[in-house]
Each structure stands twice: as structure tokens, then as C-alpha cells.
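>>> model this:
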Amino acid sequence: MTMSDQQPSANTLRDNAKNPSVLSGQVPSKAETQQRSAAFITKPPQRPQRRMGIRLLLTLLLLAIIVALGSFVGQRMLSGAPAIGSSPLTTLPQHAGAFVQQPLNTHQIDNLRNLVSRMKYKQLASLYVSRMSLDEELGQLIMVEYGDTTYSDDLNTMVNTLHAGGVIMYEFQMLTAPQTRSDIAQMQKNATFPLLVSTDEEGGIVHRLINIYPPRPSALSIYDSGSLDYAAQQGHLVAHDLKALGINVNLAPDVDVALIPDAPDQVTRTFGFTTDSVIKYAGAYMKAMQGDGVLATIKHYPGLGDANIDAHFGLPVVNRTKAQIYATELAPFKYFIQSPNKLENPGLIMPTDVLMPAIDPTYPAELSHIFMTDILRKQLGYDGVVLTDALYMKGVEINGQQIDMGQAGVLALKAGDDMLLGPTGTGQMLDMLNAIKAALQNGTLSKARVDEAATRIIALKMQSHLMPAVAPLN
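Numbering: from 1, shown residues only. Sure thing, here's the model as predicted:
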């Protein structure tokens, strides 16, 4: 997703309680000190003076009052009640979701501001997740699609009643800048928790903002320019355009390494034909975009560079060796995950449907525990959000059999994905939620895995300043 109480007077009193001379305000002379030492040796211990005892008693009583008062104020701050002397809580509009029912006032924010330095985002996020209802938590795991051209009751139900964690938008839903800004503002206003609002604004043949902005160059055109400055310029420009509309996640850049020059799904979408060119040009683009406040999503893990069919229409099969895949397809993902430059670390990673028999002969990558947990999490060290590709694509199959979105969602979560893309409309979202609940009930899916996924999503929202990084209030 502590307060720094300062009580120097209490600390001083605790130290002084050990020294009766200080408490009484009297500094003994050298002769008095010698006399007391002699008395201690020759006589049994004497009862302290009554006056000194009274002062000590009063001091300890004062210390107890200060400690009790500090504890009382701290508890009220953390519970959301106004602190003594602070301004009252503001009143929220009725549309506000559970997340914002008890806002912090300025005084409380100041007292809690150092939480991030003492607790990691994931630790804070886990506090939120532990207080969510199951419906709220499962809703956060889904990035929904919607079929209407503008904000609708159906979309409102998904983001408010069903607590969707994100929304993806396409060209037909972004017709003008004012309309797009208005729709996104309504989504955020009515959402239970702040939304990840995404689109695929790659440029070239994948250009979702074509109704609002002029066409932008493809990844291949950026590579062909030979200029990293040009790559960065395009990253700044796309961030500016997306932020102006209220979109906070770009499902780009594509970091596949083009190994087949005319592959149907990759034409113009990649930053060149070697791992070095992809890392250099996609890196410059991503650093600029993320530096301007839009989250980048690198795709299509573990790599579509050698795929000869589009995963929308069937399951690509890449028959390369394990060594070749590690050396080429996985290399850009490894670089960006492990880069010391935080702006090169992706906000999200999107896997896809590609079968690589040398590593997993059964499951397409996004449904494969080997790819999503053993390699991505454990070997490459990625601990951020994984957002699936659309789970309605034809490539979502096992042993030649297409599987439905509910089953695909459960398998994706078991494999290690965090957020599920694809349900379109309330009906499909309910189907996926019910499939996940059934898997939890019958033990096919663990609650710990769901908690882990939800925690990553909430942590990302905190890290990107969509949610305040403070402890929950209740």
C-alpha cells in the first residue's frame, strides 16, 4: 500500500528518574557526597526524604499520562478518527467506494507519511488485501473490456459492483478527447479502488488513439531511424497523449526479437532483429514514457519473434532449443527486469499464447507454471504484476482443445499470472469470478495465490500514485 511520535520530555524524565538529585533540583557538594558515602558504609540504608519521594511520584505519574495520551492519539489516527486539535474529516460524495470512505486529513497524512520508508509497497498492499471482502479481492484480479462506445450501466456495474481492477480501451471507445476524458473520469469516480486504465498504443499498425491524435511511427520505424533520441522523443509524446486522456498504462513496448522478417503478428511491431537493438530502442522509449508517468508493459513474454501465426487465430509453436530461447527470446525480458535503472523496469509484463516444447510441451506460456513461476519469477526475479493477454484468443488451448475463459483464468492464476484480461461485459466477468470461486472452494486454486496476485496489483497502484501509500484505516 507509523507515526513518528516525539516525546523528548518523556525520555528526559525517564533518565532523570534514575537520579534523585536531578529530580529534587539539588546538586550535592563534594563534602555532602563524601558524607553520604560514609553513611552508606557505616549505617543501614536510610529512607529517602519525603519531599524527594513526592517529586519522584509526581514525575512518574506525569510520564504515565504522557504515554497514555500518545497511545490514545495514535490509535485514533490509525483508525481514521480525527486527532486532537486536527481538522474534521471531509465528507465524501455518495459514489465513493469502500476504499475512500474514511480519508486522512492533512495532519494524519503528515504523521503517516514516513510509512513507505519503513514498509515496502507490498507490505502496505497486503494490509489492504487482508481487509477486503472476497468479492473485492477477486474483482481486482480482472481487467475488463466493454462493448459500448461510451460509459454505460454495464461498465459501471463491472467497476463498482464487481470491483474490477482495470479497464482496457480500444479505438471505437475513444472517439474524441473530451468524450474519452469524461468516460475515464466516470470510471475512476465510480470504481471501488482506483483503476488501471490501459490501451495498446504502440504506433504503426497498432494505434488505438487514431481518432484523437495523428498516426505515430511503428517500433520498426523508430529502429530504422538509428536514433535513440528519436525513440525517447516518441516515448515522451505517447506519455503526454495518454496522460492527457487519463490513461495510466500503455500495453507497450513490444520487446519481441523479430526472427522471421514477415511474421504476420510482428510486422513493424518490434524494435529490430537482435536482442541488442530491442534493448536499446525499446529501453529509450520506455524510460521516457515511464519517466513521464505512464506505466509500460513489455510483451509478449516469453517471445513471439519466431512465431509464424497470430495467437488471435491459433496457437503459435516455436520449435527452438532451450539454449536459443534463453539467449534470444528471453534476453530482453531478463535485461529489463534486472536493470538497475528503475525507469527500465517494466510496470507490468504481458505474456501470451505460444508453445515452446523445449521448455513446456503442454501449456502455452501464459498458462504454464514453468514459464510464469519457475522462469519469470524464480530465475529472472520478476516480482511485479503479470497481466495476461486476452483470454478469449484462439491460442488459449491445451492439447489442441480450446478452453473457456473461466478455466483459462484459473489456470493463469495457478501458473503465476496476477491480472486477467478478456472478460467483456458483466456476464463474462461474472462467469470468470464464479470459476475462480469454485476453484477456491474445491482446492484447485489456493487463497494464498489469490492474495499474492491482489497484493501485487494494489502495490502497483500505490507505487504509481493511484492510491496513497498509507496503512488502511479500518
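>>> and stretch 184-204, average pLDDT?
Regarding stretch 184-204, the rounded mean pLDDT is 97.
>>> show me the residues around residue 156 that make contact.
186, 190 (Cβ atoms under 8 Å, 6 or more residues apart in numbering). Just so you know, the C-beta spots here come from the backbone N, C-alpha and C atoms, and that holds for glycine as well.
>>> try it again with 10 Å
Going by Cβ atoms under 10 Å, 6 or more residues apart in numbering, residue 156 touches 95, 146, 162, 186-187, 189-191, 426.
>>> Name the SS class of residue 440, please.
Reduced to three states with DSSP: H, G, I helix; E, B strand; the rest coil, the structure at residue 440 is helix.
>>> Skip the chain neighbours and tell me the closest residue to it.
Closest residue in space to residue 440, ignoring its immediate chain neighbours: residue 447 at 6.1 Å, by Cβ to Cβ, 6 or more residues apart in numbering.
>>> Surely that neighbour is in contact with residue 130?
No: Residue 447 is beyond contact range of residue 130, at 11.3 Å (criterion: Cβ atoms under 10 Å).
>>> about what we covered before: tell me how many other residues crowd the residue nearest to residue 440.
10 (other Cβ atoms under 10 Å).
>>> circling back to that earlier point, narrow the contacts of residue 156 to just the buried residues.
Buried members of the contacts of residue 156, counted by 16 or more other Cβ atoms under 10 Å: 146, 162, 186-187, 190-191, 426.
>>> that older thread, intersection of neighbour lists for residue 447 and residue 130?
Joint contacts of residue 447 and residue 130 (Cβ under 10 Å, 6+ apart) are residue 137.
>>> Residue 385 versus residue 121, what's the distance?
12 Å (Cβ to Cβ, to the nearest Å).
>>> what about these two, which has more around it?
A count of neighbours by other Cβ under 10 Å puts residue 385 above the other of residue 121 and residue 385, at 27 against 20.
>>> Assess the claim that residue 144 and residue 405 are in contact.
No: with contact defined as Cβ under 10 Å, residue 144 does not count as touching residue 405 (11.6 Å).
>>> Which residues are in contact with each of these two?
420, 422-424, 428-429, 432.
>>> one step back: residue 144 and residue 405: who's more crowded?
residue 144 (26 against 21).
>>> Show me what the more buried one is bridged to.
Per DSSP bridges, residues listed as beta-bridge partners of residue 144: residue 167.
>>> first to last residue in stretch 238-258, what's the distance?
End-to-end distance for stretch 238-258: 23 Å, by Cα to Cα, to the nearest Å.
>>> What residues of that stretch count as buried?
238-239, 241-242, 245-258.
>>> same question, stretch 358-376
Those would be 359-360, 363-368, 370-376, for stretch 358-376 by 16+ other Cβ under 10 Å.
>>> hang on, the earlier thing: are there residues contacting both of residue 121 and residue 385? Which ones?
Common neighbours of residue 121 and residue 385 (Cβ under 10 Å, 6+ apart) are 456, 458-461, 463.
>>> What about those residues, which are in helices?
Among the shared contacts of residue 121 and residue 385, the residues falling in helices (DSSP state H) are 456, 458-461, 463.
>>> Quick one: these as TSV, columns for distance to residue 169 and neighbour count too.
Output for these, formatted as TSV (distance: Cβ to Cβ, whole Å; neighbours: other Cβ atoms under 10 Å):
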residue	distance to residue 169	neighbour count
456	22	24
458	22	29
459	24	25
460	19	24
461	18	27
463	22	21
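>>> just those now: which is nearest residue 352?
Of all these, residue 352 sits closest to residue 456, with 19.3 Å by Cβ to Cβ.
>>> quick check: mean pLDDT across stretch 438-453?
98.
>>> which parts of that stretch are buried?
439-440, 445, 449-450, 452-453.
>>> Also stretch 411-429?
Applying 16+ other Cβ under 10 Å to stretch 411-429 flags 411-426, 428-429 as buried.
>>> now swap in stretch 467-474 and tell me
In stretch 467-474, counting by 16+ other Cβ under 10 Å, buried: 467-473.
>>> Between the residues you listed, which sits nearest residue 354?
Out of the buried residues of stretch 467-474, the member with the shortest distance to residue 354 (by Cβ to Cβ) is residue 467, at 33.5 Å.
>>> Go ahead and report the secondary structure state at the closest one.
Residue 467 ends up coil, using three-state DSSP.
>>> That one and residue 191: what is the separation?
Taking Cβ to Cβ, one finds residue 467 at 11 Å from residue 191.
>>> Contact partners for the nearest residue to residue 322 once chain neighbours are set aside?
Distances taken as Cβ to Cβ, 6+ apart place residue 358 nearest to residue 322, at 4.6 Å, with adjacent residues excluded. Going by Cβ under 10 Å, 6+ apart, residue 358 touches 318-326.
>>> ok, now residue 462?
With the criterion set at Cβ under 10 Å, 6+ apart, residue 462 makes contact with 1, 116, 120-122, 124-125, 128, 194, 468-470.
>>> would you turn the residues you listed into JSON lines with distance to residue 334 and secondary structure?
What follows is those, written out as JSON lines (distance: Cβ to Cβ, whole Å; DSSP: H, G, I helix; E, B strand; the rest coil):
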{"residue": "1", "distance to residue 334": "28", "secondary structure": "coil"}
{"residue": "116", "distance to residue 334": "28", "secondary structure": "helix"}
{"residue": "120", "distance to residue 334": "23", "secondary structure": "coil"}
{"residue": "121", "distance to residue 334": "23", "secondary structure": "helix"}
{"residue": "122", "distance to residue 334": "22", "secondary structure": "helix"}
{"residue": "124", "distance to residue 334": "28", "secondary structure": "helix"}
{"residue": "125", "distance to residue 334": "26", "secondary structure": "helix"}
{"residue": "128", "distance to residue 334": "31", "secondary structure": "helix"}
{"residue": "194", "distance to residue 334": "31", "secondary structure": "coil"}
{"residue": "468", "distance to residue 334": "33", "secondary structure": "coil"}
{"residue": "469", "distance to residue 334": "29", "secondary structure": "coil"}
{"residue": "470", "distance to residue 334": "34", "secondary structure": "coil"}
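>>> Out of those, give me the two with the largest separation.
120 and 194 (19.4 Å).
>>> which among the ones in helices among the shared contacts of residue 121 and residue 385 gets closest to residue 278?
residue 460 (23.9 Å).
>>> My understanding was that the closest one contacts residue 349; is that so?
No: Residue 460 lies out of contact with residue 349 (Cβ under 10 Å); the separation is 11.5 Å.
>>> which residues do the two both contact?
Joint contacts of residue 460 and residue 349 (Cβ under 10 Å, 6+ apart) are 384-385, 418.
>>> could you give the mean pLDDT of stretch 460-474?
88.
>>> Output it as PDB, nothing but the C-alphas.
Coordinates of each C-alpha in stretch 460-474 appear next as PDB, following Å, rounded to 0.1, in the frame of the first residue of the first chain:
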ATOM      1  CA  LEU A 460       1.500  -1.200  -8.200                       C
ATOM      2  CA  LYS A 461      -1.400   1.200  -7.800                       C
ATOM      3  CA  MET A 462       0.400   2.600  -4.700                       C
ATOM      4  CA  GLN A 463       3.700   2.800  -6.500                       C
ATOM      5  CA  SER A 464       2.200   4.700  -9.400                       C
ATOM      6  CA  HIS A 465       0.400   7.100  -7.100                       C
ATOM      7  CA  LEU A 466      -3.100   5.900  -8.000                       C
ATOM      8  CA  MET A 467      -3.600   5.100  -4.300                       C
ATOM      9  CA  PRO A 468      -1.900   6.700  -1.300                       C
ATOM     10  CA  ALA A 469       0.800   4.600   0.200                       C
ATOM     11  CA  VAL A 470      -0.500   4.600   3.700                       C
ATOM     12  CA  ALA A 471      -2.000   2.000   6.000                       C
ATOM     13  CA  PRO A 472      -5.700   1.200   5.600                       C
ATOM     14  CA  LEU A 473      -7.900   2.900   8.100                       C
ATOM     15  CA  ASN A 474     -10.200   0.100   9.100                       C
END
